[in-house]
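# Curious how this folds, go ahead:
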Amino acid sequence: MLKNTDCLLVLLIGDFKDSTIIHTIRDNFNNIITCNSYASALLFLKNNKIDLVICENKIDSELFSFLEKEQKLIKKQLLFVLSYNLDTSELLKSIELKLDAYLLDNSSDEELFKKISPIIDFYLDTNSKVLGDYYDTLNPNTSFFKVNKRGLITYVDDNFCSLSKYSRNDLLNKDLIALKHSLMSNDEFDMFWNTIDKTKNCKVLLKLSTKEKNTFCNNMYIIPVYDENNTILEYICFAHCIEDFVSEEDELKNKIERNNLSVLALIAIEEYKILEKFYSSTLIEKIEKTFKENLLINSEHKEMFSKVYALGKGRFAVICPFNDYMETQKNLKVYFDNFVEIVNRRIFFIDETEYDLNIVLSYSFGKYMLFEDVTQGLEEAIVGNKSAYNSSDASIRGLKLAKNTEIIQMVKIALDNYNIIPYFQPIINNKTKKIEKYESLVRLIDVNNRVLSPGEFLNVTKKSEFYSQITRRVLENSFKILEKINTSISINLSALDIEKELTRELVYSLLERYKGHSHKIVFELLEDEEAKDFTVIKKFIRKVKKQGVKIALDDFGSGYSSFERVLLYEPDIIKIDGSLIKNIEYNDSSRNLVETIVIFAKKQKIKTIAEYVENETIFNILKDIGIDYSQGFYFGKPEDLKLN
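Reported below is the predicted structural model:
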């Protein structure tokens, strides 16, 4: 069985009456909308947040014309095509359209799961707020259920039964209001129902009771499902059970989620550590209680904030919808400067004793990471001795700054000590099994003499001055080795590297210096989403090719943008992405796709290299398919050639 699919809303396009695996699909997905026409499909897609679209492809169908025409709309979801026969031209078309999976109906359940499980897992990890925020299936306090328009429960999972102490039979067709806890009023429940009836997706707190009438409080994420007429069919509900009716911090975070945008301020008593040191916990509680009750005593503050949230340890928060703040027409900085000034002038009396308490305040507005922003911002305000501090994006600075600073420092030390070096991995000719090329791969030797791969340092340096220095060091060291070996050297260059004039000039200079060996150079071009000037890249390719350099496209077959890159860059070599190669002995779809790439490459007179060749079985398959070269641990790991 597939995991976590309760989180997905699936649209089936077609009748699937001839399909042998449709029963497996229906058994593994609980939330399915079906339609027979492409026109209906478009309406469902526009009205709902569809996660997965599965299209039936029959002979003479107009499916690919439809997909091509509506590509912008459909590419927001996972997109699978179910075909009854393998058609190479359709497979190539699937690649061009960037489908997530091309399924054959004669696949076994095991083959189907191997094909689609990684795709669904990746989608859930990277795209599903539902799963990430509310639906951790490994957590017994999370559950899933569905209700229809009348409020009757139509589906529950095992966790919901366990948490509510009801059996599945008890719950099916039960009115949801019958589970309402006595602490939740009918008016509150009506407000909850009106909210979900008028909102596309909403997050709410729902107070339910178990069969034994114990509290059963849930943070809910609710998604309405619409038909083609934009009428609600049912509600999909994800629930996270909390043991108590939420702390003030949780209540605050729920309010942030409910509001479209908010203004949030986090307030700390500056003298709190002194209070902790010299006063009893009972007195500190009294001080905090009095402080909370009097914080909004000024009428100007009350008109914007209705409640003070006590977060503990001398910290408090106030929040209001952003639109309410806009109606006041106040400047946010001026407002909070004034707020701090008024509070700091105030004297608090507790048991006839005066307490002169000062505050420091961090504020921001928005939604995403808002609480994290003001929390980090408060620390920055305290360190910077600022009484009212705008903390926009402070959370990002807090998370990244320490780690990135450490990495940048490590890179600087490595550059200063010439410890940015190339390692070389052999590439063998599949017919002769002899090494004909090496790929140059950057490595960093740290102060503890550990060898670090690029994933541990390179991305952090991309927007720093050190990135170009790393590229320069790799190029210079790779060219030097040309004089000591008879094989070719393959060097990685990203599109972003080539756009930089200094990098291009360095390459031209090195080609001139080592012109007797330039025919042994291969530049492997890596895609980079930030690259913009393809004219410069094409001119670079033409210029270096005139000097005997060959061009390779790296990671071919990943992301399915590769065919466009072939037309753009006119390569001599394509390196087939390792994700296709490492599964080729078990996955027919991977093999079919690799065979298609090889057929395409041979027609274009382009050589092929397979990465991630890890054993003899894979190598023999690749040799039979007709791939020209292999690279992987079966033939050798990246190593320092030590030719000095």
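
# contacts and neighbour counts: CA atoms only from here.
Noted.

# how much space between the residue nearest to residue 511 when sequence neighbours are not counted and residue 505?
Nearest in space to residue 511, with sequence neighbours left out and distances taken as CA to CA, 6 or more residues apart in numbering, is residue 518 at 5.9 Å. Distance, residue 518 to residue 505, by CA to CA, to the nearest Å: 15 Å.

# neighbour-wise, which of those two wins?
Taking neighbours as other CA atoms under 10 Å, residue 518 and residue 505 compare with residue 518 leading, 22 against 12.

# thought the more buried one was touching residue 548?
Yes. Counting by CA atoms under 8 Å, residue 548 is a contact partner of residue 518 at 5.9 Å.

# By mean pLDDT, which helix or strand of this structure comes out lowest?
One helix or strand of the chain scores below all others by mean pLDDT, DSSP states H and E: helix 129-134, with a mean of 50.

# contacts for the helix or strand just after that one?
Next in sequence after helix 129-134, counting helices and strands by DSSP states H and E, comes strand 142-148. Under the contact criterion CA atoms under 8 Å, 6 or more residues apart in numbering, strand 142-148 has outside partners 6, 134-137, 153-160, 176, 233-241.

# Using CSV, write down the CA coordinates of strand 142-148.
Extracted in CSV, the C-alpha atoms of strand 142-148 (Å, rounded to 0.1, in the frame of the first residue of the first chain):
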residue,chain,number,x,y,z
THR,A,142,-3.1,13.1,13.9
SER,A,143,-6.1,11.8,12.0
PHE,A,144,-8.2,12.2,8.9
PHE,A,145,-11.9,12.2,8.2
LYS,A,146,-14.5,13.4,5.7
VAL,A,147,-17.9,15.0,6.1
ASN,A,148,-20.6,15.8,3.5
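
# picking up where we left off before, inside strands: which ones of the contacts of strand 142-148?
Of the contacts of strand 142-148, the ones assigned to strands by DSSP state E are 153-156, 233-241.

# show me where the stretch 501-644 of the chain has strands.
Secondary structure of the stretch 501-644 of the chain, counting by DSSP state E, counting those that start in this stretch: strands at 521-526, 550-556, 573-576, 607-610, 629-630.

# Can you pull up the most central residue in the chain?
residue 126 (3.2 Å; CA atoms, centre = their mean).

# Please confirm that it is located within a helix.
Yes. Secondary structure assignment places residue 126 in a helix (DSSP: H, G, I helix; E, B strand; the rest coil).

# Distance check, residue 162 against residue 209.
Taking CA to CA, one finds residue 162 at 13 Å from residue 209.

# So between the two, which is more surrounded?
residue 209 (21 against 15).

# what pairs with the more buried one across the strands?
For residue 209, the beta-bridge partners under DSSP bridges are residue 215.

# still on that earlier bit, of the ones in strands among the contacts of strand 142-148, which count as buried by neighbour count?
Neighbour counting with 16 or more other CA atoms under 10 Å marks 153-156, 234-241 as buried within these.

# Closest one of the residues you listed to residue 171?
The closest of those to residue 171 turns out to be residue 153 (CA to CA; 6.6 Å).

# so how many other residues sit close to the nearest residue to the closest one once chain neighbours are set aside?
Nearest residue to residue 153 in three dimensions, chain neighbours excluded: residue 147, at 4.2 Å (CA to CA, 6+ apart). Using other CA under 10 Å, residue 147 has 22 other residues around it.

# Likewise for residue 523?
23.

# who's it bridged to?
Residue 523 forms beta bridges with residue 491, residue 551, as assigned by DSSP bridges.

# Wait, it touches residue 495, no?
No. Using CA under 8 Å, residue 523 is not in contact with residue 495; the gap is 11.1 Å.

# does the closest residue to residue 637 other than its chain neighbours have beta-bridge partners, and which?
Nearest residue to residue 637 in three dimensions, chain neighbours excluded: residue 425, at 5.7 Å (CA to CA, 6+ apart). Using DSSP bridges, the bridge partners assigned to residue 425 are residue 439.

# now do residue 234
With DSSP bridges as the criterion, residue 234 is bridged to residue 148, residue 225.

# residues touching it, list them.
146-149, 224-226.

# hmm, try it at 6 Å
Residues near residue 234 by CA atoms under 6 Å, 6 or more residues apart in numbering: 147-149, 224-225.

# How much space separates it from residue 32?
11 Å.

# The residue nearest to residue 637 and residue 638 touch, don't they?
Yes. Counting by CA atoms under 6 Å, residue 425 does reach residue 638; the two are 4.1 Å apart.

# With neighbour numbers in mind, choose between the two.
Legend: neighbour count by other CA under 10 Å for residue 425 and residue 638, higher for residue 425 (24 against 18).

# tell me the helices in the stretch 51-200 of the chain, going along the chain?
Remark: helices assigned in the stretch 51-200 of the chain by DSSP state H, counting those that start in this stretch are 63-69, 71-74, 88-96, 109-127, 129-134, 158-164, 168-171, 186-198.

# what's the neighbour count on the residue nearest to residue 159 when sequence neighbours are not counted?
Leaving out its chain neighbours, the residue that sits closest to residue 159 by CA to CA, 6+ apart is residue 143, at 5.2 Å. Using other CA under 10 Å, residue 143 has 26 neighbouring residues.

# With residue 431 instead?
A count of nearby residues for residue 431, using other CA under 10 Å, gives 11.

# what about it, is that helix, strand or coil?
Classified using three-state DSSP, residue 431 is coil.

# Which pLDDT does the model give it?
Note on residue 431: pLDDT of 93.
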